[in-house]
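J.: sequence-free structure coming up:
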């Protein structure tokens, strides 16, 4: 996994951060990690700083002044990575809902199989979710079906946050014009790549809900995803005209 960086956004992930970093590094001696921390009150950032002595020149930390949303954290990380020589840029959560053992699968899809964007997909081979209540499974699954219908994308897991991008995808997308900050951010990034006709593939993974820490999901984030998709699609049609 050469020329690879895994971006992990954090806010109050002190219970998970050391274990997730070590699990990512166990996949390859070449992979690097960038933690983008929103000045966590539980001192997640300080824990990462302590680990940097163990993983010199492999573990990096960017601390923002306040909690500003998942999307802006990833945009910050993408720009950081693009300012350096990384060719494969991952996004994943800190809470082990995304299994680090699946990182090589996504890398292989881009590096060896020609994908420009590889998605760790919960729904491409059915519903592969563990420890979620049925209500949340249905919400997530139906949201992806809704997004497929509105946008026309042939992607089963449109809200997935476990993704590998080839560098050229992030160089092509105008990151300064990405509007959404919650789960709709994940949809918008995929939609922008789809409009640019990049090759998108889904790699089946099993998603396991966090066992430590608190979920960041809120009603405002869900609302942004539902109503933002319609405006995103309309704007794309207006740009064509």
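T.: Thanks, I have the structure now. Given the structure is predicted, the values throughout are model-derived calculations rather than measurements. Numbering: from 1, shown residues only.
J.: Which residue ranges of this structure form strands?
T.: Taking DSSP state E as the test, the strands found in the chain are 4-10, 32-37, 59-63, 88-91, 117-121, 129-130, 163-166, 200-204, 207-208.
J.: For residue 183, see how far away the nearest residue to residue 144 once chain neighbours are set aside is.
T.: Closest residue in space to residue 144, ignoring its immediate chain neighbours: residue 158 at 4.7 Å, by CB to CB, 6 or more residues apart in numbering. C-beta here means a position set from N, CA and C on the backbone, and glycine is covered the same way. Between residue 158 and residue 183 the computed distance is 9 Å (CB to CB, to the nearest Å).
J.: what residue ranges in the chain score low on pLDDT?
T.: Low-confidence segments of the chain, defined by pLDDT under 70, span residues 210-225, 240-241.
J.: one step back: thought the residue nearest to residue 144 was touching residue 185?
T.: No: counting by CB atoms under 8 Å, residue 185 is not a contact partner of residue 158; they are 11.5 Å apart.
J.: okay, now residue 145: neighbour count?
T.: Here the number of neighbours of residue 145 (other CB atoms under 10 Å) works out to 13.
J.: wait, what's in contact with residue 208?
T.: 96, 97, 99, 129, 130, 131 (CB atoms under 8 Å, 6 or more residues apart in numbering).
J.: Select from the residues you listed the one having the most neighbours.
T.: For the contacts of residue 208, neighbours were counted by other CB under 10 Å; the highest total belongs to residue 97, with 23 neighbours.
J.: Could you check how far it is from residue 209?
T.: Residue 97 is 6 Å from residue 209, where distance means CB to CB.
J.: Could you do residue 88 as well?
T.: Using CB to CB, residue 88 is found at 27 Å from residue 209.
J.: okay, those two: which has more neighbours?
T.: residue 88 (22 against 15).
J.: Can you give me the separation between that one and residue 51?
T.: Remark: distance between residue 88 and residue 51 (CB to CB) = 22 Å.
J.: cool, and residue 31?
T.: Look at residue 31 and residue 51: by CB to CB, they are 15 Å apart.
J.: who has more neighbours, those two?
T.: Between residue 31 and residue 51, residue 31 has the larger neighbour count (other CB under 10 Å), namely 22 against 19.
J.: Alright, that wraps it up for me.
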